[in-house]
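**Student:** Can you look at this prediction? I've put the sequence above it.
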Amino acid sequence: MSSSTSTSTLPSGLAVLTTFPDVLFIPEIIFGGLVWILVASSKVPDPMLQGWVMFVSVFCFVMSISLLCLYLCGAHGGGGSCWVTLDVICHSTAALFYLSAAVLEAYITYSLSFFLPLAQKYRENIAAVVFAFVATLLYVIHKVFSLLRWKSS
């Protein structure tokens, strides 16, 4: 198999950046960071809902950075089945969390549209919603291909 396709083991070193679905770590981190920044800079009437979105964006950002660093360092030692299972669990959790956070952020933004239709904070929330759904899509794609890798290992 070429290095640009998914295999049944986890890559290590710089091969992480050339193997699908592991190459998705980079856009997951970028879009997750953008959601984190936009949510942190916005003001909302209900901080409890926004708190969940903030938790999800920080948690998934830190988890993705940690997994990427572990894979780059080769800490998994060739990718035993427990590491492949960990990859599936992490990305499944992140996909579910981000879906719930993106829906909540969309609800918050919709409710803000009645109060601040053209304000800067409203536009920031719209951007956060878009980036949260993009991050959700990336985590779902990564999850599906991680499940395929887990099944073949």
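**Tutor:** Everything's here; your move. Numbers count the residues shown, from 1 in each chain.
**Student:** what's whichever strand or helix holds residue 110 packed up against?
**Tutor:** According to DSSP states H and E, residue 110 maps onto helix 81-112. Secondary-structure packing of helix 81-112 (3 or more CB pairs under 8 Å, 6 or more residues apart in numbering; DSSP states H and E): helix 25-41, helix 47-73, helix 120-152. Bear in mind the C-beta positions are built from the backbone N, C-alpha and C, glycine included.
**Student:** quick one, which of those helices is nearest to residue 113?
**Tutor:** helix 120-152 (6.7 Å; CB to CB).
**Student:** what bits of this structure have low per-residue confidence?
**Tutor:** 1-8, 44-46, 78-80, 116-118 (pLDDT under 70).
**Student:** what residues are up against residue 104?
**Tutor:** 49, 52, 53 (CB atoms under 8 Å, 6 or more residues apart in numbering).
**Student:** show me what contacts the first one?
**Tutor:** Yep, that's residue 49 we're talking about. 104, 107, 108.
**Student:** I'd like to know which of those residues is nearest to residue 42.
**Tutor:** residue 108 (8.6 Å).
**Student:** My read is that the closest one contacts residue 125, right?
**Tutor:** Yes: judged on CB atoms under 8 Å, residue 108 makes contact with residue 125 at a distance of 6.6 Å.
**Student:** More neighbours: the two, which one.
**Tutor:** residue 125 (28 against 21; other CB atoms under 10 Å).
**Student:** ok, now how distant is the more buried one from residue 19?
**Tutor:** Per CB to CB, to the nearest Å, residue 125 is found 35 Å from residue 19.
**Student:** try residue 62
**Tutor:** 22 Å.
**Student:** Counting neighbours, go ahead and name the busier of these two.
**Tutor:** Higher neighbour count among residue 62 and residue 19: residue 19, with 23 against 13, using other CB under 10 Å.
**Student:** what's the closest non-adjacent residue to that one?
**Tutor:** Distances taken as CB to CB, 6 or more residues apart in numbering place residue 11 nearest to residue 19, at 4.5 Å, with adjacent residues excluded.
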